[in-house]
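Novice: Sequence and predicted model, in that order:
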Amino acid sequence: MDRYSRFLAERTGRMRASEIRELLKLTEGKDVISFAGGLPDPSTFMVDEISRIAVDVVRLHGDKALQYAPTKGVTAFRDTLAKFLTSHGVSVRDYDDIIVTTGSQEALYLVSKVLIDRSDVVIVEEPTYLAALNVFRELESRIEPVEIDDEGMRVDMLEDRLKQLQNEGVRVKLIYVNPTCQNPSGTTMSRDRRRYLLELASRYDFLIIEDDPYGYFTFDGDRVEPLKSIDREGRVVYLGTFSKILAPGLRIGWALGPMEIINVMELAKQSVDLHSSTLSQYIAMEAVKRGVVDATIERARTLYKVKRDVMLEELEQELSKLATWTKPIGGLFVFLTLKHMIDTKKLLPKAIERGVAYVPGAGFFIKRNGSNTMRLNYSYPSITQIREGVRRLAATIKEEIATTHTG
Ligand code: PMP
Ligand code: G9A
């Protein structure tokens with residue numbers, strides 16, 4: 001690396017390795033039960049249906065599906081996507097308000113790139129999605145965290161912060177939230193807070209990025225209404241993805257927002273990758289039309305609900321005296337806080353030694369240190385692995401307490 005550092009652009013100094021991606025490398029191929037990466041259970045992939053679709057798409061539409069496509073995405077696919085979103089409670093004005101992206105990660109990157117100038121304030125939930133923080137850091141924004149509790153972002157604290165910043169003459173352009181089954185905390189923002197957040201957006205004139213990979217398969221009760229569907233002023237840029245409701249390997253996500261912003265994202269995307277995979281878009285389009293996405297959603301909902309219950313039950317049995325944790329209504333994660341001040345980053349090698357991995361919580365925080373927290377994924381491990389993994393985790397924690405916190 002050093003041999004080339006003099007050649008590297010300054011901005012590379014702000015690029016951070018995602019702890020999650022690094023952990024994926026660390027645990028790959030090892031006999032470790034991983035609660036780390038937010039991977040879907042491969043048994044939710046509708047392999048036979050997707051195989052048939054892939055063959056049909058290449059055979060019947062190969063002239064288009066194997067060809068270059070418009071930057072905003074295949075028009076017929078955007079139209080299908082608009083109908084799909086509407087059927088899932090996400091308000092869409094026109095399919096032209098949608099840009100198809102290479103996973104929602106790219107949508108997040110593009111929207112941030114077109115909105116954020118150096119030193120611009122971006123307000124985030126604390127804790128928040130690590131890969132979003134890395135994007136905001138790379139763009140040299142000033143990241144301002146606002147605490148969350150069981151009902152999502154503390155909008156009262158947000159209001160105080162907005163007032164304070166306004167008094168200091170600092171403008172807030174943007175808030176990033178993952179309001180439904182948040183990564184990493186698993187919490188969901190209440191309806192009242194959603195309404196209030198939009199009211200604040202109007203009063204203080206900012207935009208909201210709503211990142212919603214998990215809202216399609218909540219386990220208990222109805223779909224929580226996305227901010228996008230309550231937004232009357234065009235303040236929300238909504239990000240979605242097929243990663244958890246079809247297959248992440250297709251790398252198909254989207255942004256839905258005011259056309260003026262989507263069109264600037266289109267310009268930005270031209271320089272990044274011209275357009276997202278045409279073949280993936282055709283496969284995703286057919287998967288929506290043939291009901292494969294809705295069937296995958298049902299598989300995910302049923303399976304992950306059971307897995308969540310098993311994880312919560314096992315945590316209760318093994319760790320109720322030593323930790324507290326969130327109770328997600330959907331999504332992929334439980335967030336755990338240890339009562340002892342144990343540094344979960346330092347604990348991780350010991351946990352891996354015992355055959356279990358998690359994501360240390362600190363990386364999701366900006367202000368609070370969160371070093372005694374961890375994120376646990378329950379979608380990927382099997383039910384047996386969840387039980388065994390929690391036992392291994394509990395044994396690691398108990399041993400740590402016994403050796404370092406005696407007396
Ligand atoms: N946002 C959040 C909150 C996520 O949890 C994830 C993936 N786990 C993403 C964005 C990125 O997903 P993808 O690029 O696969 O659509
Ligand atoms: O980076 C990935 O593989 C996607 C998962 C994200 C996460 O674990 O939060």
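Specialist: Thanks, I have it. Ligands and ions are numbered 1, 2, ... in the order given.
Novice: per the record, what domains does this protein have?
Specialist: Listed by automatic domain parsing, the domain ranges of the chain are 10-45+294-406, 47-290.
Novice: As JSON lines, the ones you listed with mean neighbour count would be great.
Specialist: Bear in mind the C-beta positions are built from the backbone N, C-alpha and C, glycine included. Below are those laid out as JSON lines (neighbours: other Cβ atoms under 10 Å):
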{"stretch": "domain 10-45+294-406", "mean neighbour count": "18"}
{"stretch": "domain 47-290", "mean neighbour count": "19"}
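Novice: which one of the ones you listed has the lowest average pLDDT?
Specialist: Among the domains of the chain, domain 10-45+294-406 carries the lowest mean pLDDT, a mean of 93.
Novice: do that domain and ligand 1 meet?
Specialist: Yes - residues of domain 10-45+294-406 are located near ligand 1 by Cβ under 6 Å from any ligand atom, namely G38.
Novice: Distance from the chain centre to that domain, please.
Specialist: How far domain 10-45+294-406 lies from its chain's middle: 15 Å, per Cα atoms, centre = their mean, to the nearest Å.
Novice: Which residues lie in contact with the residue in the stretch 1-150 of the chain that ligand 1 sits nearest to in this structure?
Specialist: Proximity of the stretch 1-150 of the chain to ligand 1 (Cβ to the nearest ligand atom) peaks at G103, 2.5 Å away. Neighbouring residues of G103 by Cβ atoms under 8 Å, 6 or more residues apart in numbering: 241, 243, 248, 251-253.
Novice: From these, which land in strands?
Specialist: Among those, the members falling in strands are 241, 253 (criterion: DSSP state E).
Novice: returning to what we had before: list phi and psi for the residue of the stretch 1-150 of the chain closest to ligand 1.
Specialist: Note on G103: its backbone torsions stand at phi 70, psi 160 [degrees, to the nearest 10].
Novice: I'd like the distance from it to V293, if you could.
Specialist: Distance of G103 to V293, given as Cβ to Cβ, to the nearest Å: 16 Å.
Novice: ok, L200 touching L162?
Specialist: Yes - using Cβ atoms under 8 Å, L200 is in contact with L162, at 6.4 Å.
Novice: sorry, back to before: export the domains of the chain as a markdown table, with columns for distance to ligand 2.
Specialist: Shown next, in a markdown table, are the domains of the chain (distance: least, Cβ to the nearest ligand atom, whole Å):
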| stretch | distance to ligand 2 |
| --- | --- |
| domain 10-45+294-406 | 3 |
| domain 47-290 | 5 |
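Novice: Rebuild those as JSON lines, extending it with distance to Y4.
Specialist: Conversion of the domains of the chain to JSON lines gives the following (distance: least, Cβ to Cβ, whole Å):
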{"stretch": "domain 10-45+294-406", "distance to Y4": "10"}
{"stretch": "domain 47-290", "distance to Y4": "19"}
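Novice: Please enumerate the strands of the stretch 151-300 of the chain.
Specialist: 152-153, 172-177, 207-211, 236-241, 253-256 (DSSP state E, counting those that start in this stretch).
Novice: Adding distance to ligand 1, write those strands out as TSV.
Specialist: Conversion of the strands of the stretch 151-300 of the chain to TSV gives the following (distance: least, Cβ to the nearest ligand atom, whole Å):
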stretch	distance to ligand 1
strand 152-153	14
strand 172-177	10
strand 207-211	5
strand 236-241	3
strand 253-256	4
